[in-house]
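Chemist: let's see this in three dimensions:
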Amino acid sequence: MSGFTETDVADQSGKCFIVTGANTGIGFEVARVLAARRARVLLACRDKAKAEAAIARIGGLTPGADLAFLPLDQADLDSVREAAERAAKEPRIDVLINNAGVMRPPLMRTRQGFELQFGVNHLGCFALSILLLPTLAKTAGARVVVTASIAHRRGRIVWDDLNAEKSYDRSQRYADSKLANMLFFFELDRRLRAAGSPVTAVGCHPGVAATDLGRHMGPLQLLIPLVGMALNTAAMGAWPALQAATASVTPGGYYGSIGFGDMRGPSGPAPRTTQAQDRELARRLWDVSIAMTGIDPGLPP
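Modeler: Residues are numbered from 1 along each chain as shown. Alright, predicted model coming up:
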C-alpha cells in the first residue's frame, strides 16, 4: 500500500513546530520525528514534569535535538493566551500542530465553565490557532494543522446545548467536538485564503490508534494494546499529522490513514462528510466560537 509515512518526512532544518499534547502518544511521536529531522520543536503540554521527561526521551534518541517546553492547558483560555504570548517570542513559527485532546471523560468543565470535550478539543484549539495567526503569518508557508477524527462522521452540533447543561453522552460529545474540528479548519482555511494570508489550514486524523487518549474508557482500556497490534500504533497514528505539517498539501485538505476502513496504515487524502464541509454550519460555529472565547481574528467572512 502506497502512502505517506515518517520515512517521507524531509529535513526540517531551520523550521520551528509547536506540537500540543506532545508528552505522550501521537503528539510525542510527531515531536520525535520532527526533532530527528532537525526541526526546533516546542512541546506544548500541561504537565511540566511529563514534558521534560518526553524531552529527555527524544534527546536520548536524537542527541542535540532542539526541544523546549511550552506551558499550555487547553482547558484554561488564560493559559492558552499565555502560551501564544510565549510562542510569539520565538524567531519564527512554521507550523502549529493541534494534537492535544480529551476523549469520553465523565461530565467535566474547563476553567471557564465549558463542557470539557468541546472546550479542550475545539475551543482551546480555536483560541490557540487564532492567537498564533499573527506570528505564523510572518513565515512564508506557515500552517495550522487541526487533528480531527473519523468519529466526526457521527457528530452533530447541538446549538441549544453546547455546554451540556441539558444532557451529556460522553461518546456523542466526543464525536461532536471532532465535527467542530472539521468545521473549524475548513472555515479557517477559507477565510485565510479570502484574506490573502500566507498561512494554510489543514486537517488530519490518526485512524484508530493505541494511545493514552482512551484513559477514560473504563474496562475498554484493556483493549487499547490490541488496537496497536491490529490497527495503528501511536507512531503510525502520527503519520497523517506529519504529512499535513511537512508535505505538499492542498489548502484546506484533510489527511488520514488510508487502509482498512480509514483506520490504519499510511497517510493520504481522507474522506469527510458533507456536513463537515457545510459553509453555513462552519460560519455559525466560527461566530459562536468567537463569542465563547472572546477571541476574534478579524478575518473577512
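
Chemist: hey, let's count contacts and neighbours off CA atoms from now on
Modeler: Noted.

Chemist: and the longest helix for this structure?
Modeler: helix 170-194 (DSSP state H).

Chemist: next secondary structure after it?
Modeler: The helix or strand immediately downstream of helix 170-194 is strand 200-205, counting by DSSP states H and E.

Chemist: give me the contacts around that next one.
Modeler: With contacts defined as Cα atoms under 8 Å, 6 or more residues apart in numbering, strand 200-205 is touched by 141-150, 182, 185-186, 188-189, 192-193, 237, 240-241, 244, 249-257, 270.

Chemist: average pLDDT for that strand?
Modeler: Across strand 200-205, the average pLDDT comes to 98.

Chemist: which residues touch Arg170?
Modeler: Met103, Arg104, Pro105, Pro106, Leu107.

Chemist: can I assume the first one is in contact with Tyr174?
Modeler: Right, Met103. Yes. Met103 is in contact with Tyr174 according to Cα atoms under 8 Å; the separation is 5.9 Å.

Chemist: weed out the non-buried ones from the contacts of strand 200-205.
Modeler: Buried by 16 or more other Cα atoms under 10 Å: 142-150, 182, 185-186, 188-189, 192-193, 237, 240-241, 244, 249, 251-257, 270, out of the contacts of strand 200-205.

Chemist: so of those residues, which ones are in strands?
Modeler: Residues of the buried ones among the contacts of strand 200-205 located in strands (DSSP state E): Arg143, Val144, Val145, Val146, Thr147, Tyr254, Tyr255, Gly256, Ser257.

Chemist: measure the first one to Arg32 for me?
Modeler: Taking Cα to Cα, to the nearest Å as the criterion, Arg143 is separated from Arg32 by 19 Å.

Chemist: so which helix or strand takes in Ala75?
Modeler: Using DSSP H and E, no helix or strand contains Ala75.

Chemist: for it, which residues are in contact?
Modeler: Ala75 is in contact with Arg109, Thr110, Arg111, Gln112, Leu116, Gly119, Val120, Gly124, counting by Cα under 8 Å, 6+ apart.
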